[in-house]
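> I would like to see how this sequence folds:
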Amino acid sequence: MVRHRNPGASLWACLLRRPPQGYSAIVALDGNATFPILWHLREEIAPNAPVAVVGIGYPVKTRFDPLRRWYDLTSPGKKPVPPQPDLRGPGERPTGGQDAFLDMIETTLLPELARRELINPQDLTLFGHSLGGLFVLHALFTRPRLFARHVAADPSTWWNAGEPLREARAFRGGILAAGGRLDPPAPVLIANSGRQPETPSQPPAILAALSGIPGLNLIHRPYPDESHGSLIRPAARDALLLHLGRPQEQGE
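Numbers count the residues shown, from 1 in each chain. You can find the predicted model right below:
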């Protein structure tokens, strides 16, 4: 395992013997919390697989840095967030750094890892939970070729009065206008815990917004017995299995 730190973020990478084309890699947001989970899952499920686990986190001793993640993982909030059960808004924390954070990943982090011949930039999976899931969806909608696979666990689709749903509709329209098919094809996995704003009989609205897009292989993993927080581990397991080409194996 190697670790890199700069004044604003920390990067952890779990590595084995490098294949000639570079490692395939899972890039995990909120790396302080998600990297240890994914590392242990990889050791359990596929210890000899040439898969790097890259966690993007912050130089803090806690699992999350609320101030930084509210800024890095969100777009500028232009519409009020209506009160909803079990949801916490940003309060006085600044928001709106989403595109700058994605720029950093695309133009600095991934090229540096590729320059060191550590990763295969054509074989990457992006994983995020909650606000991280919101970020995963935004990356899919705005830069669909940056990652080969996208996994969003309990994505915060309520953000900015349903902004991800509006982005999904624009994404669909753009694909249809450009020839009617996502190219290259991409799997997208959405995992949801049992505590959702939607009623039990109504699936999350983001599923309907993404269903039926040619070239987009939409996979849904509902976990009715998990809470929003406990969903991270089974969703991370799903992300690893999807990355390994074994999405049919349900998470824990």
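
> ranges for the strands of the stretch 51-200 of the chain?
Applying DSSP state E, counting those that start in this stretch to the stretch 51-200 of the chain gives strands spanning 51-57, 119-129, 149-153, 186-193.

> Adding distance to W39, mean pLDDT and mean neighbour count, write those out as a markdown table.
To be clear about C-beta, it is placed using only N, CA and C from the backbone, and glycine gets the same treatment. Shown next, in a markdown table, are the strands of the stretch 51-200 of the chain (distance: least, CB to CB, whole Å; pLDDT from 0 to 100; neighbours: other CB atoms under 10 Å):
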| stretch | distance to W39 | mean pLDDT | mean neighbour count |
| --- | --- | --- | --- |
| strand 51-57 | 5 | 92 | 24 |
| strand 119-129 | 13 | 95 | 23 |
| strand 149-153 | 16 | 98 | 28 |
| strand 186-193 | 19 | 95 | 23 |
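
> Specify the stretch among the ones you listed that is closest to S211.
When the strands of the stretch 51-200 of the chain are compared by CB to CB, strand 186-193 sits nearest S211, at 10.6 Å.

> right, and the helix or strand after the closest one?
Per DSSP states H and E, the first helix or strand lying C-terminal to strand 186-193 is helix 205-210.

> Can you list the buried residues in that next one?
205-206, 209-210 (16 or more other CB atoms under 10 Å).

> ok, and what's touching that helix?
137, 155, 157, 162, 164-165, 168-169, 172, 188, 190, 198, 216, 218, 220 (CB atoms under 8 Å, 6 or more residues apart in numbering).
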